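Peer 1: when you get a sec, could you give me coordinates for this:
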Amino acid sequence: MTIESLFPTEVYHAPLKGRGADTLRAQLLRECRQLRRDDPAGRRWSNLNYPGGYTSYASANRMHTVSPTFADLERRLAPHVRRFVKALELDLTRRTLEMTDCWVNIMPPGVVHGLHLHPLSTLSGTFYVQTPRGSPGLKLEDPRLDRMMAAPPRRRDAARGCCCRSKRGSSCCSKAGFDMKWRRTARAASGSASASTTAGFSANDVSVGLTTVHYQGTSNP
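Peer 2: Next up, the predicted model:
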């Protein structure tokens, strides 16, 4: 009997290390909290589409082009992107990958980030600026579900799971195609929250988060 793995969707995750990494994360945390205060359009959109939480997805989704801090994050993520692309054996001859989107999410306890896709991206990733203890991971669903293919749930003792652990200062990246969902547990310690997705927040205001990024391929002449 032969079993082959065809068209697998790999997931890459690694901590952001190096000189100044902790300083960068602290600055990202401050800027994410400041952005929420200074973004009435984003707060209004979030009230309608992201109850209980905040996202700059519809108001400030190219943070790497307006903030030197987020630009530094883009620079530090670049080696991880190159390693992932090499492992995926993508042919980037006469092509480059560029970060096209980068936004902030804040998820207090009880907030749910529903099942969704990141259209038109080659790679999608999340950087966890701050996550309290007990934060649930990034749940990745079978990308074939929207093709009307029946997929039973996996056993609890399955060798490979479907969650990417959310850990402060780490990044998680996948090829486009996965359905993604973030959950926040209703149970949280006083002054903290479990989190996931896009941007950074302080445990003092029960928020956490990450920076979501998209990479798209562009052709070179």
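
Peer 1: dihedrals phi and psi, His30?
Peer 2: No His there; residue 30 is Arg. Main-chain torsions, Arg30, degrees, to the nearest 10: phi -60, psi -40.

Peer 1: now do the contacts for it.
Peer 2: Counting by CB atoms under 8 Å, 6 or more residues apart in numbering, Arg30 touches no other residue. C-beta: built from backbone N, CA, C; applies to glycine.

Peer 1: tell me the pLDDT at it?
Peer 2: Looking at Arg30, its pLDDT stands at 91.

Peer 1: buried stuff in the helix of greatest length in the chain?
Peer 2: Longest helix of the chain, by residue count under DSSP state H: helix 68-88. Residues of helix 68-88 classed as buried: Thr69, Phe70, Asp72, Leu73, Glu74, Arg76, Leu77, His80, Val81, Phe84, Val85 (neighbour count, 16 or more other CB atoms under 10 Å).

Peer 1: other residues contacting it?
Peer 2: 10, 12, 14, 16, 18, 21, 24, 27-28, 31, 63-65, 92, 97, 99, 102, 123, 125, 127, 171, 173, 175, 211, 213, 215.

Peer 1: what two of the buried residues of helix 68-88 are the furthest from one another?
Peer 2: Thr69 and Val85 (24.6 Å; CB to CB).

Peer 1: okay, Gly177: pLDDT?
Peer 2: Gly177 is given a pLDDT of 48.

Peer 1: where do the strands sit along the chain?
Peer 2: Assigned by DSSP state E, the strands in the chain fall at 11-15, 54-55, 95-106, 112-116, 123-130, 138-141, 163-164, 170-175, 179-183, 209-219.

Peer 1: could you tell me the least trusted of these?
Peer 2: Among these, strand 179-183 scores lowest, at a mean of 46.

Peer 1: Val43: neighbour count?
Peer 2: Val isn't right for residue 43; it's Arg. Residues lying near Arg43 (other CB atoms under 10 Å) number 16.

Peer 1: hmm, it is touching Asn49, no?
Peer 2: No. With contact defined as CB atoms under 8 Å, Arg43 and Asn49 do not form a contacting pair (11.2 Å).

Peer 1: now for the closest residue to Asp22 other than its chain neighbours: which residues touch it?
Peer 2: Once flanking residues are discounted, Asp22 sits nearest to Gly169: 7.6 Å by CB to CB, 6 or more residues apart in numbering. Residues near Gly169 by CB under 8 Å, 6+ apart: Pro15, Leu16, Ala21, Asp22, Arg25, Tyr128, Val129.

Peer 1: check Ser170 too.
Peer 2: Residues in contact with Ser170 (CB under 8 Å, 6+ apart) are His13, Ala14, Pro15, Leu16, Phe127, Tyr128.

Peer 1: could you export the residues you listed as TSV, including neighbour count?
Peer 2: As requested, the contacts of Ser170 are arranged in TSV below (neighbours: other CB atoms under 10 Å):
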residue	neighbour count
His13	20
Ala14	14
Pro15	13
Leu16	19
Phe127	28
Tyr128	30
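
Peer 1: mind checking which of the contacts of helix 68-88 are buried?
Peer 2: 12, 16, 24, 27-28, 31, 63-64, 97, 99, 102, 123, 125, 127, 171, 173, 175, 211, 213, 215.
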